[in-house]
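1. compute the structure for the input listed below.
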Amino acid sequence: MKIADMFKNTNRAIFSLEVFPPKKTSPIESVYGKLGELCKLKPDFISVTYGAGGTGVQNRTCEIASKIKNDFGIESVAHLTCINNTKADIDAILEDFKNNNIENILALRGDYIDGVEPKEDFRYAFELCGYIKSKGSFDVAGACYPETHIESEDEVQDILNLKKKVESGAEHLISQLFFDNSCFYRFLERTKIAGINVPIEAGIMPVTNKSQIERMVSMCGASLPAKFTKIMQKYDSKPEALRDAGIAYAVEQIVDLLANGVDGIHLYTMNNPYVAAKISEAVSNLL
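-> This next block holds a predicted model:
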């Protein structure tokens, strides 16, 4: 089922999860147990990230997305990046998706890799969105950034770039993580002003350890509210307490977002079924 149709055919918020493939040094089967536990939560869909390691990782993305849909019966979304792929590469990947019954794609530019010269066929995600739409009946999603992409000049340029994605075929959007809901609400106001009218899921990441938050903030530039920072500082030396505090903070965010009519919640699970289950159970009656 196409994700765009889910949004059209339901009067509630969509609830989805995100997982990532195991490292190349680990067997792909190592993630199957966690997938099974996450699928038992019955999310509307599960997205599978596209690793930075190239074709081998992409094959794992397709294989895991196929496993989720064809074996566990949960709709899947395969991430696909373009900056390091040629059109021929993308064609081969799309064919692989078709052969595995995968019809939903999150189109991304992808990260530059040190020492690797980017290909020349695609420079931006909106170009990939348009290319995928020209190649078949895939449902295409795009990424968005409540606090602007770290490479954007400013909020205006970021929204203009986002509008290009939508005009090129992105039928719904998934946001980067954020910890201050007011940032997301201001972002939604900017999208409305720009005439972006597709569903937007709010990306939520429950923080369970200090190194995780430091890594994520350095990568995406999310701001940290004083309340969140105090929680991290107080429970920094108590791993279980920090985990539970991170879960509680994420639940509080989601409750507020749902009360304000958000289109959906996309939970960055970090492949942790325990954390995902706790959050899912806490908000299930609100969806």
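2. give me the pLDDT for residue 53.
-> According to the predicted model, the pLDDT of residue 53 comes to 45.
3. my bad, residue 269
-> 96.
4. so what's it up against?
-> With contact set as CB atoms under 8 Å, 6 or more residues apart in numbering, residue 269 has these partners: 17, 18, 19, 38, 275, 276. (Each C-beta comes from the backbone N, C-alpha and C, glycine too.)
5. so how far is stretch 139-157 off the chain centroid?
-> In terms of CA atoms, centre = their mean, to the nearest Å, the centre of stretch 139-157 is found 13 Å from the chain centre.
6. what residues of it count as buried?
-> Along stretch 139-157, these residues count as buried under the neighbour rule (16 or more other CB atoms under 10 Å): 139, 140, 141, 142, 143, 144, 145, 146, 147, 148, 149, 152.
7. picking that back up, reformat the contacts of residue 269 as JSON lines; add neighbour count and pLDDT.
-> Written out in JSON lines, the entries for the contacts of residue 269 read as follows (neighbours: other CB atoms under 10 Å; pLDDT from 0 to 100):
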{"residue": "17", "neighbour count": "25", "pLDDT": "98"}
{"residue": "18", "neighbour count": "24", "pLDDT": "98"}
{"residue": "19", "neighbour count": "24", "pLDDT": "97"}
{"residue": "38", "neighbour count": "26", "pLDDT": "98"}
{"residue": "275", "neighbour count": "22", "pLDDT": "97"}
{"residue": "276", "neighbour count": "24", "pLDDT": "98"}
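8. and those residues, which of them are in helices?
-> 38, 275, 276 (DSSP state H).
9. can you list which of the buried residues of stretch 139-157 are found in strands?
-> Taking DSSP state E, the ones among the buried residues of stretch 139-157 that sit in strands are 139, 140, 141, 142, 143, 144.
10. the second one and residue 133 touch, don't they?
-> Read that as residue 140. Yes: with contacts counted by CB atoms under 8 Å, residue 140 reaches residue 133, the gap being 6.0 Å.
11. what touches both of these two?
-> Contact with both residue 140 and residue 133 is made by residues residue 169, according to CB under 8 Å, 6+ apart.
12. how about the strands in the protein?
-> Taking DSSP E as the criterion, the chain carries its strands at 14-19, 45-48, 75-81, 104-108, 139-144, 172-177, 200-204, 264-268.
13. just the CA trace of the fourth one, in CSV.
-> Same thing as strand 104-108. Below are the C-alpha coordinates for strand 104-108, written out as CSV (Å, rounded to 0.1, in the frame of the first residue of the first chain):
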residue,chain,number,x,y,z
ASN,A,104,7.4,3.4,-1.2
ILE,A,105,10.7,5.4,-1.3
LEU,A,106,12.1,8.2,0.8
ALA,A,107,14.2,10.2,-1.7
LEU,A,108,17.3,11.8,-0.2
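14. packing partners for it?
-> Packing partners of strand 104-108 (3 or more CB pairs under 8 Å, 6 or more residues apart in numbering; DSSP states H and E): strand 75-81, helix 125-134, strand 139-144.
15. would JSON lines of these with distance to residue 118 and mean pLDDT be doable?
-> As requested, the helices and strands packed on strand 104-108 are exported to JSON lines (distance: least, CB to CB, whole Å; pLDDT from 0 to 100):
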{"stretch": "strand 75-81", "distance to residue 118": "11", "mean pLDDT": "97"}
{"stretch": "helix 125-134", "distance to residue 118": "13", "mean pLDDT": "98"}
{"stretch": "strand 139-144", "distance to residue 118": "18", "mean pLDDT": "98"}
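16. between those, which gets nearest to residue 162?
-> Across the helices and strands packed on strand 104-108, the minimum distance to residue 162, taken as CB to CB, is reached by strand 139-144, at 5.5 Å.
17. look up how far residue 135 lies from the spatially closest residue to residue 167 that is not a sequence neighbour.
-> Closest residue to residue 167 apart from its sequence neighbours, by CB to CB, 6 or more residues apart in numbering: residue 126 at 7.6 Å. According to CB to CB, to the nearest Å, residue 126 and residue 135 sit 15 Å apart.
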